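Visitor: this one's structure only:
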C-alpha cells in the first residue's frame with residue numbers, strides 16, 4: 001500500500017441498505033486529487049453478507065482492518081468474501097502478512113479490530 005491508494009468498500013446488491021451510501025462514497029472519490037494534482041488509485045473491497053442479531057444489522061466490514069508494524073489484521077466473518085478481501089489487501093500490503101481474525105462475536109459490540117485499537121482516555 002502507498003500514499004496514492006484509497007481502499008473503499010463497495011456493495012454490489014442494490015437492495016442492501018448500504019448500497020446507496022457506499023455508492024455515494026465512490027462518486028465522491030472520483031473528484032479527489034492528491035497534493036500533486038493526480039488522482040488516487042481507488043481499490044474496491046467487498047462487503048460480507050449482512051449479519052444481524054436480535055433484529056439489528058451489525059457493522060460487519062473488511063474496512064475495519066488494522067495496520068500494525070508486523071502485520072495487517074483483517075476482520076473476517078465466515079463469509080465467502082473473507083478470502084476475496086484478504087486477497088485484495090494481501091496484494092496491497094506486500095511488505096507484511098495480512099492476517100484474518102474471526103470477528104463475528106466482536107461486532108456484537110458494534111466495532112471490530114480498528115475500533116479496538118483506538119485511544120483510551122487518560123485517567
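Guide: Received, thanks. This one's a predicted model, so the numbers in the text were calculated from it and none came from an experiment. Residues are numbered from 1 along each chain as shown.
Visitor: residue most distant from the centroid, the chain?
Guide: Using CA atoms, centre = their mean, the residue of the chain lying farthest from its centre is residue 123. It sits 31.2 Å away.
Visitor: okay, that residue: pLDDT?
Guide: Per-residue confidence at residue 123 stands at 72 (pLDDT).
Visitor: contacting residues around residue 18?
Guide: Residues touching residue 18, when contacts are defined by CB atoms under 8 Å, 6 or more residues apart in numbering, comprise 9, 11, 47. C-beta coordinates here come from the backbone N, C-alpha and C atoms, glycine included.
Visitor: ignore what I typed, I meant residue 13.
Guide: Contacts here follow CB under 8 Å, 6+ apart; on that basis residue 13 touches residue 19.
Visitor: three-state assignment of it?
Guide: Per DSSP: H, G, I helix; E, B strand; the rest coil, the secondary structure class of residue 13 is coil.
Visitor: buried subset of the contacts of residue 18?
Guide: By the neighbour-count criterion of 16 or more other CB atoms under 10 Å, those include these buried positions: 9, 11, 47.
Visitor: ok, those vs residue 35, which is closest?
Guide: Nearest to residue 35 out of the buried ones among the contacts of residue 18 is residue 9 (CB to CB; 24.6 Å).
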